[in-house]
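Peer 1: show me how the following folds:
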Amino acid sequence: MRVTDAMIRDQVINAVSGNQERLFKTQEQISTAKEVSASSDDPTRFNRAARFKSLLSKTEQYLENIEDGLG
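Peer 2: Numbers count the residues shown, from 1 in each chain. Got it, this is the predicted structure:
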C-alpha cells in the first residue's frame, strides 16, 4: 500500500489535535489547581470529592451550631 501525502497529513493533524487536547487538560488542571474538575474527568474521584465537600460543609455547620449554642 502506498503512503500518500494525504495520509501523512491526516496522521499529523490527528497527532497535533491529540497534543492540543492534552495541553488544554494540563493547563486547566494547573489553572484550577484541581486534577478533577468535571465528572467526566474521573467519575469515581469526582464523586468522592463531592461527598467529602458535602461532609466538610455539614461538619462546619455543626461546629457553628455548637458555637452558637454555647454562646
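Peer 1: mind checking which helix or strand S17 is in?
Peer 2: Following DSSP states H and E, one finds S17 within helix 5-32.
Peer 1: any idea which helix or strand comes after that helix?
Peer 2: Using DSSP H and E, the helix or strand that follows helix 5-32 in sequence is helix 43-70.
Peer 1: buried set for that next one?
Peer 2: Using 16 or more other Cβ atoms under 10 Å as the test for burial, helix 43-70 gives 46, 49. C-beta: built from backbone N, CA, C; applies to glycine.
Peer 1: over to stretch 15-31?
Peer 2: Neighbour-count burial for stretch 15-31, counted by 16+ other Cβ under 10 Å, picks out no residue.
Peer 1: domain assignment for the protein?
Peer 2: For the chain, automatic domain parsing gives the domain ranges 1-33, 36-71.
Peer 1: as JSON lines, these with mean pLDDT would be great.
Peer 2: Shown next, in JSON lines, are these (pLDDT from 0 to 100):
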{"stretch": "domain 1-33", "mean pLDDT": "91"}
{"stretch": "domain 36-71", "mean pLDDT": "90"}
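Peer 1: now do the helix holding S17: distance to the chain's middle.
Peer 2: Relative to its chain's centre, helix 5-32 lies at 18 Å (Cα atoms, centre = their mean, to the nearest Å).
Peer 1: would you mind measuring from the closest residue to A38 other than its chain neighbours to N19?
Peer 2: Computed as Cβ to Cβ, 6 or more residues apart in numbering, the closest residue to A38 that is not its neighbour in sequence is F46, at 6.9 Å. F46 sits at a distance of 25 Å from N19 (criterion: Cβ to Cβ, to the nearest Å).
Peer 1: could you find the closest non-adjacent residue to D42?
Peer 2: V36 (5.0 Å).
Peer 1: so who does the one you found touch?
Peer 2: By Cβ atoms under 8 Å, 6 or more residues apart in numbering, the contact list for V36 reads 42, 45-46, 49.
Peer 1: ok, 10 Å please
Peer 2: V36 is in contact with 29, 42-50, counting by Cβ atoms under 10 Å, 6 or more residues apart in numbering.
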